[in-house]
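# when you get a sec, could you give me coordinates for this:
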Amino acid sequence: MEVAARVGLSARGVIYLMIGALILALSFGHKRSETDQRGAMQEIAAQSGGAVLILAIAVGLVGYALWRYAEAAFGAADGGKKAGPRLKSLGRALAYTSLASSAFAVFAGRHKSQAKESGDLSATVMAHPGGRVLVAVVGVVLMVLGIALVAEGVRRKFEKHLQRGAMSQTARKVVIPLGVVGTTARGAVFTLVGVLTIDAAVRFDPDKASGIDAVVRTLAGQPFGRLLLVVTALGLLAFGAYGLAEARWAKT
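All right, here's what the predicted structure looks like:
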């Protein structure tokens, strides 16, 4: 499980580095893939030797999911057998099981748009009685999760996941700021995903419930949109770099 956790954290870090790079490219007028997790994986797959890396990422994400399932079953590293941390681990496990499935789909050559898939699912749900309420509830959950991540970044609560004693002073000076900036930025993005999902339910506009790509499109359309995209990209690049550091020093 320790090996699975570290490989999985590395895979997550690589994906966020690529998302940040795609958003940064978009801010300068270049866009080849959607700026979400699947778009990042499709961009990796398009490079020379990318199929091998995507397979490694897929296996890593499976490892991450297994680690979180184990925590849900037997107790989390930072919360013991308390119900809250175990449920949180279960949620992460389910999310990364879905992400691993996407990675294997990209490896197999199926390049369906994640944003379109999310929008189509939202449209299908909203077409049923009570569907718009359900989509709004999902949006609220995402928004609360995002706010919690922002708080975790600002208050440096992520440090409890790190083996600080095993880190050199130089490593701490680099990793902790990356964690603050990266976790806060990731939380802000998740908060905006939640807000747009709620707005999609209110306005009956499924395109707004299409995840990170919808956030990027919304930011790009604002005054100073390029600056907002650059800030978002740098924040997610910081989280990707922190993720690689977490893979080295995480408590498992």
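# drop to CA atoms for contacts and neighbour counts, all remaining ones
Fine.
# could you identify the helix or strand that succeeds the helix or strand harbouring residue 201?
Using DSSP states H and E, residue 201 falls within helix 169-203. Sequence order places helix 212-220 as the next helix or strand after helix 169-203, per DSSP H and E.
# and that next one, which residues are buried?
Of all the residues in helix 212-220, those buried under the rule 16 or more other C-alpha atoms under 10 Å are 212, 213, 214, 215, 216, 217, 219, 220.
# who are the packing partners of that helix?
Secondary-structure packing of helix 212-220 (3 or more C-alpha pairs under 8 Å, 6 or more residues apart in numbering; DSSP states H and E): helix 169-203, helix 225-249.
# report how many residues lie close to residue 143.
Look at residue 143: counted by other C-alpha atoms under 10 Å, it has 24 neighbours.
# thought it was touching residue 186?
No. With contact defined as C-alpha atoms under 8 Å, residue 143 does not reach residue 186; the gap is 11.6 Å.
# low-confidence stretches in the stretch 51-200 of the chain?
Filtered on pLDDT under 70, the stretch 51-200 of the chain yields the residue ranges 77-80, 111-116.
# surely residue 196 and residue 138 touch.
No. Counting by C-alpha under 8 Å, no contact exists between residue 196 and residue 138, whose distance comes to 10.8 Å.
# tell me which of the two has more neighbours.
For residue 196 versus residue 138, neighbours defined as other C-alpha under 10 Å are more numerous around residue 196 (27 against 17).
# give the contact list for that one.
139, 208, 209, 214, 215 (C-alpha atoms under 8 Å, 6 or more residues apart in numbering).
# same question, residue 194
138, 139, 140, 141, 142, 143, 144, 146.
# next, the distance between the ends of stretch 155-173.
Length of stretch 155-173, first residue to last, C-alpha to C-alpha, to the nearest Å: 16 Å.
# buried residues in that stretch, which are they?
156, 158, 159, 162, 164, 172.
# so how far is that stretch from its chain's centroid?
Counting by C-alpha atoms, centre = their mean, to the nearest Å, stretch 155-173 is centred 21 Å from the centre of its parent chain.
# what's that stretch in contact with?
By C-alpha under 8 Å, 6+ apart, the surrounding residues in contact with stretch 155-173 are 78, 152, 176, 179, 180, 246, 249, 250, 251.
# most neighbours, which of those residues?
Result: residue 179 is most packed of the contacts of stretch 155-173 (other C-alpha under 10 Å), 27 neighbours.
# that one reaches residue 239, doesn't it?
Yes. Residue 179 lies in contact with residue 239 (C-alpha under 8 Å); the separation is 6.4 Å.
# now the helix or strand encompassing residue 3 against helix 212-220, angle please.
Using DSSP H and E, residue 3 sits in helix 2-27. Per axes from the mean of the first three to the mean of the last three C-alpha atoms, to 10 degrees, the angle that helix 2-27 makes with helix 212-220 is 30 degrees.
# rewinding a little: show me how far the helix holding residue 201 is from its chain's centre.
9 Å.
# quick one: buried residues of it?
Residues 172, 175-176, 178-201 are the ones in helix 169-203 that count as buried (16+ other C-alpha under 10 Å).
# and the angle from it to helix 225-249?
130 degrees.
# begin at 279 from here
Got it, the first residue is 279 from now on, which makes the last one we talked about helix 447-481.
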